[in-house]
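**Q** A predicted structure for the sequence below; I have some questions about it.
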Amino acid sequence: MTAAVTATVVMAIIIVGCRSPAGYHKQADKVAADIIAKKQQQALGRTEPFTIERPQDTFRRRLIEAQGLPVVGPESLGTGKVPKPPDWPEKSAVGGHAAGDGKPAAAAEAMKLSLFEALEVAASSSSEYQAQKEGLFRTALDLDLRRNDFRSIFSSDGETVFVTNHSQGKPDNSMVTSASLNWSQVFATGASVSAGLALDLATLLTGERHSSLGIVADTSVSVPLLRGAGRRVVLEPLTQAERNVVYSINNFQQYRREFAVRVASQYLQVLRGLDSVKNAEDNYKSLVTSGRRARRLADAGRLPEIQVDQARQDELRARARWITAIQSYQGSLDRFKGTLGLPTDAAITLDGDELQRLAVAAQGTLGGAAPQNNADAMESTSSVLAARAPENNAGAMESTSSGLAADAPVVLVGPSREGAGPYEIDERLAIELALANRTDLRTTLGQLYDAERAVIVAANAFLPGLNVRANGTFGQSRSPGSAASPDAELRPDRGNYSASVAASVPWNKVSQRNSYRKALIAFEQAERSLQQAEDQVKLDVRNDLRTLLTARESIKIQFVAVEVARRRVDSVELFLQAGRAQIRDLLDAQEALISAQDALTTNLVDYRVAALALQRDMGLLETDEKGLWREYDPAKFQEKQ
């Protein structure tokens, strides 16, 4: 009977205190959503849907899978893909919507985003935007915790102790079962009340088997009279928590406006960069045509050779500006992808018609003629830049303005891999090497699993306290008063033993629930930190490769520019001696030579620094204890492959 009572008490306590972590997850979300909805009505005069749950099938994930982009591992695809230990508390798919975010499925080719689609993608994929939402959510949970200070708090405890005493040569067994129910509450005046009811059942299990039931009730009341008294003082933490939610809603509303403008600004800035590429291309073609015309006139004796060299120098500068514009556009597009929360190596294009719509709108507002529609040209340029892989540009700079009629079509040849240095390796290979070797990326990956363990630890706090204890004592001690006694012996059969089972359950688990929900949020944040770190590594590598290409092309251009400038100086000196030129012409020619020489040196330095930066960003530049480096050897790597 007593064993049945004991088991019943303990099991009742445990059952009352049990609920699945996923249930607490849903409860926390509902509580926070209700608080935010009410405070939205108070702050904004309206309510808006709000959730921090992200879809499992995100646009970012579909891009990675459809375009086969390199990643650190499955962890990069979202928390749903992070390997879970057997004791992971979220057994159901509570942590994300099963459906996607409404964006079209990514295709293997470049995805085209309109301005409004970019805004939607940013709101669902941007880590910064999600962090702002989570900040508001945590503020709502903090308010709920402050409100909990003034709720009725119940808790229960239970313990069963079994004692057996063999000191008299025969067992003397007894058992005590106790259970208690406790209640406390703090009121707005500062008064606090607590009450408890405790039951004890003591039973002798040997002899006459007597048993006795004890019952104790206690209550206490505390009322502050001076310090800590009064509604204003007592409720101040709650009042501030209420205000903090309103402030967070106001701040989030302003952040959304600023974020939308920032996304739109970057979107249009990328299109401006694309337009700059088109303008630089047109200018380059125009100067190539002018150079051809100058060459024809000089061959016919109708133009001095000095002016041919000047035209050639202008053409070289135009090519350098064109290449720089291309690299600048690609860099700004990569940064924009980062703002949207998308991989920097994803194939994304923007809607070039957006600039034309701006021009039409400006024409209607400000009057005047709208610029000609060059959206098709921009779209064509964008497509070329997204998939540019010219096979050969050997002699391209030498042949553009010679041997052809001035009105012949100008075909520009972009930078190729001809003459590429050993570190200008394939972009995908460089990214894969970086993802495999960057030690800081390993740290970020490890921190993701740290956050995963923290979720498991937070979920453990929901379990009732259940402890089993056992004690055993046998033998005797001696003191001066028992010095004449016989020596003591270790007699386990004459020992005193006890065993107990104790259970403790706090019925109110608001604090544990909110801590658990925050741990899940921290897990999501750790996932996004990994994605951001991965994207930054890709951006670093892509920028380094672009810098290498630009510097190499600039070196080639400046070698030619230096030679043309020297030839121009020599020609001007001869014309000056013949009285057919002025000293100003010579000074201009010498200035052009110095500028070309300085630019060549600058580009040589830029190329070397970019090679070192690429090795650093791939995690392959080794340094020793003396601070000396050992460079990565691409040739040896290719041999291993």
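**A** Good, I have the coordinates.

**Q** where in this structure is pLDDT low?
**A** With pLDDT under 70 as the threshold, the chain has low-confidence stretches at 1-19, 92-109, 167-169, 362-406, 482-483, 636-641.

**Q** what's the single longest strand in it?
**A** The residue-count maximum for a strand in the chain (DSSP state E) belongs to strand 172-186.

**Q** and that strand, which strands flank it?
**A** According to DSSP bridges, strand 172-186 has the following sheet partners: strand 153-165 (antiparallel), strand 192-204 (antiparallel).

**Q** and among those strands, the most buried is which?
**A** strand 153-165 (a mean of 19; mean count of other CB atoms under 10 Å). Every C-beta, even on glycine, is put in place using the N, C-alpha and C of the backbone.

**Q** end-to-end on stretch 198-217?
**A** Using CA to CA, to the nearest Å, the end-to-end distance of stretch 198-217 comes to 6 Å.

**Q** domains for the chain, by residue range?
**A** 2-14+152-241+466-474+492-509, 18-149 (automatic domain parsing).

**Q** pick the most buried one from those.
**A** Ranked by mean neighbour count under mean count of other CB under 10 Å, the domains of the chain are led by domain 18-149, which reaches a mean of 17.

**Q** gap between that one and the chain center?
**A** Taking CA atoms, centre = their mean, to the nearest Å, the mean C-alpha location of domain 18-149 is offset from the chain mean by 13 Å.

**Q** need the contact partners of stretch 603-621.
**A** Residues from elsewhere that reach stretch 603-621, judged by CB atoms under 8 Å, 6 or more residues apart in numbering: 421, 423, 430, 433-434, 436-439, 441, 537, 540-541, 544-545, 547-548, 550-552, 554-555, 558, 629-632.

**Q** buried residues, it. List them.
**A** 603, 606-607, 610-611, 613-621 (16 or more other CB atoms under 10 Å).

**Q** ok, which pair from those is furthest apart?
**A** Greatest spatial distance among the buried residues of stretch 603-621 (CB to CB): N603 and G619, at 26.4 Å.

**Q** nearest to F575, of the buried residues of stretch 603-621?
**A** Closest to F575, out of all of the buried residues of stretch 603-621 and judged by CB to CB, is N603, at 30.4 Å.

**Q** residue contacts, the closest residue to E159 other than its chain neighbours?
**A** Of all residues not flanking E159 in the chain, A502 sits nearest, at 4.0 Å (CB to CB, 6 or more residues apart in numbering). Shown in contact with A502 (CB under 8 Å, 6+ apart): D157, G158, E159, T160, G465, L466, N467, R469.

**Q** mind listing residues that contact the longest strand of the chain?
**A** Under the criterion CB under 8 Å, 6+ apart, residues 2, 5-6, 9, 13, 149-166, 192-207, 234 lie in contact with strand 172-186.

**Q** what's around R630, how many residues?
**A** 11 (other CB atoms under 10 Å).

**Q** and it, bridged to which residues?
**A** Residues in beta-bridge contact with R630 (DSSP bridges): E622.

**Q** residues contacting it?
**A** For R630, the contacting residues are L621, E622, T623, D624, by CB under 8 Å, 6+ apart.

**Q** check contacts around T206.
**A** Contacts for T206 were tallied using CB under 8 Å, 6+ apart; they are P171, D172, N173, S174.

**Q** can you pull out the helices in the stretch 151-300 of the chain?
**A** 231-234, 236-299 (DSSP state H, counting those that start in this stretch).

**Q** just how off-centre is the shortest one within its chain?
**A** Centroid separation between helix 231-234 and its chain, computed with CA atoms, centre = their mean, is 41 Å.
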